[in-house]
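Visitor: need the 3D shape of this:
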Amino acid sequence: MSILSEFMHKEQQLKQLQAELERLQNDERLKAELEFKEKLEALMREFDKSAAQVIALLDPQGSRSAAAKPAGSTGGVRRRRKLKIYKHPKTGEVVETRGGNHKTLKAWKDEHGSDAVESWVVRVED
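Guide: Next up is the predicted model:
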């Protein structure tokens, strides 16, 4: 890309951004939010409070739950599946699994059907 075409492209992007900025400046929602922010900051200065203090005051549980999360956490924690214990009625063979991807369990379901094998559940544990 030549420097002239790059310049023209950037100039076009600048015009688009200026149009978006002007549209936002005329938006009533933005004006209301800016007014709220100004009033809130004035109130915080009046009572000599920081943003963190206000947040802790309004949401006392929020700071603890955020601090309790491990640093490497990627979001929601998946709960552990329940342990199901199956016993084949004819052979007496026992299978313990936390999911349906067990080799023997799949073979049983292929041979006897899913409903029949689910009826073989002896016990479910946490």
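
Visitor: when you work out contacts or count neighbours from here on, use the C-alpha atoms and nothing else.
Guide: Fine.

Visitor: identify the bridge partners of residue 87.
Guide: Note on residue 87: beta-bridge partners by DSSP bridges are residue 94.

Visitor: contact partners for it?
Guide: For residue 87, the contacting residues are 93-95, 120-122, by Cα atoms under 8 Å, 6 or more residues apart in numbering.

Visitor: which parts of the chain are helices?
Guide: 3-25, 28-46, 51-58, 60-68, 103-112, 114-118 (DSSP state H).

Visitor: turn the ones you listed into JSON lines, columns for distance to residue 78.
Guide: As requested, the helices of the chain are arranged in JSON lines below (distance: least, Cα to Cα, whole Å):
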{"stretch": "helix 3-25", "distance to residue 78": "40"}
{"stretch": "helix 28-46", "distance to residue 78": "37"}
{"stretch": "helix 51-58", "distance to residue 78": "28"}
{"stretch": "helix 60-68", "distance to residue 78": "16"}
{"stretch": "helix 103-112", "distance to residue 78": "23"}
{"stretch": "helix 114-118", "distance to residue 78": "24"}
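
Visitor: of all these, which one is nearest residue 89?
Guide: For the helices of the chain, proximity to residue 89 was assessed by Cα to Cα; helix 114-118 is nearest, at 9.7 Å.

Visitor: in PDB, list the C-alpha atoms belonging to that closest one.
Guide: The C-alpha coordinates for helix 114-118 follow below in PDB (Å, rounded to 0.1, in the frame of the first residue of the first chain):
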ATOM      1  CA  SER A 114     -29.700 -47.100  27.200                       C
ATOM      2  CA  ASP A 115     -32.900 -47.400  29.200                       C
ATOM      3  CA  ALA A 116     -32.100 -50.900  30.400                       C
ATOM      4  CA  VAL A 117     -28.500 -50.000  31.400                       C
ATOM      5  CA  GLU A 118     -29.800 -47.000  33.300                       C
END
